[in-house]
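Trainee: turn this into a structure:
(chains A and B)
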Number of protein chains: 2
Amino acid sequence: MALEVLEFSTILTAVRGVTLHRLPEVCDSRGLLSICELNRSVPFEVRRYFVVSAAVGATRGTHAHRNLHQFLSCIHGQCNAIADDGETRREFVLNSPSVGLYLPPMTWGTQYRFSPGAVLLALASDEFDEADYICEYSEFLELAKRLR
Amino acid sequence: MALEVLEFSTILTAVRGVTLHRLPEVCDSRGLLSICELNRSVPFEVRRYFVVSAAVGATRGTHAHRNLHQFLSCIHGQCNAIADDGETRREFVLNSPSVGLYLPPMTWGTQYRFSPGAVLLALASDEFDEADYICEYSEFLELAKRLR
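Mentor: You can find the predicted model right below:
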């Protein structure tokens, strides 16, 4: 139960502000336990979570948020997640509850290649707000350009 | 995307302080989405989450916490969760990411009957603290008696 000695780490990516987080885990005969201390691994205050039980072949996301921060972790099965800041795009395999992907505001995100039974946990910094979505990629590129 | 109209509810149980929460969900061709707004459905500030990928046949929990609040949701597969306040004990089937079980401090909790591949998400009100655990049921009963 000495969680203090377990590994956790934050990995910078080539996409502006996007970070990968390795969460500590404990494995014993009862199964695997992955632990996320929010103020250590999640760079925003969490106000909402949602759980995506994705259909095989589905593509989710394909939008950006103006102000919302998100933290994605595939806690059963696996999926691929693309993060795009308007200039740089990278693809990540989320295949463990011990891996989290932080997407800051103004990141175009896509999740796809869900394995059968895959479940994606998303933590979010605010309640649902339709006005916060940018669903047109051309609009996103235009707004992202102004940030540089 | 009109989440305001979706159902969410809180159900009181016979166990002191323990509540069941129905979370809104959206289902479309891309899969199922369950949404939890923390300040609406989770009666404490979340500081940590952990994900349990349980072995079939495993029993987890079997302890109480002095001060920790927890919110359990089986987000893949299913399990049974027992909540016990020292006088009253009830068993709940957690079989959907749209169902959450709130366990206040001083509740003896046990989770078992995990289906193959079951994944339990637990939200917690504080970081790990070994001193917060009560692992002897007789001690729990003694302390619970003083609360009445």
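
Trainee: which stretches of chain A aren't confidently modelled?
Mentor: Along chain A, segments meeting pLDDT under 70 span A:1-8.

Trainee: number of residues surrounding A:Asp132?
Mentor: 15 (other Cβ atoms under 10 Å in any protein chain shown). (Each C-beta comes from the backbone N, C-alpha and C, glycine too.)

Trainee: what does A:Phe44 give?
Mentor: 17.

Trainee: my read: it touches A:His65, true?
Mentor: No. Using Cβ atoms under 8 Å, A:Phe44 is not in contact with A:His65, being 11.7 Å away.

Trainee: show me the contacts for A:Thr13.
Mentor: A:19-20, A:83, A:90, A:92 (Cβ atoms under 8 Å, 6 or more residues apart in numbering or on different chains).

Trainee: run the last query once more with 7 Å
Mentor: Counting by Cβ atoms under 7 Å, 6 or more residues apart in numbering or on different chains, A:Thr13 makes contact with A:19-20, A:90.

Trainee: same check on A:Ala83?
Mentor: A:15, A:18, A:90, A:103, A:107, A:109.

Trainee: could I get these as CSV with distance to chain B and neighbour count?
Mentor: What follows is these, written out as CSV (distance: Cβ to the nearest Cβ, whole Å; neighbours: other Cβ atoms under 10 Å in any protein chain shown):
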residue, distance to chain B, neighbour count
A:Val15, 24, 21
A:Val18, 21, 22
A:Arg90, 23, 14
A:Leu103, 17, 26
A:Thr107, 20, 25
A:Gly109, 14, 20
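
Trainee: and these, which of them are in strands?
Mentor: Applying DSSP state E to the contacts of A:Ala83, the entries found in strands are A:90, A:103, A:109.

Trainee: can you give me the helices in chain A?
Mentor: A:38-41, A:137-147 (DSSP state H).

Trainee: if we ignore the residues flanking it in sequence, what's nearest the residue located most distally from the centre of chain A?
Mentor: Distance from the C-alpha centroid of chain A, by Cα atoms, centre = their mean, peaks at A:Ser29 (29.0 Å). The shortest distance from A:Ser29 to any non-neighbouring residue, by Cβ to Cβ, 6 or more residues apart in numbering or on different chains, is to B:Ala55 (6.6 Å).
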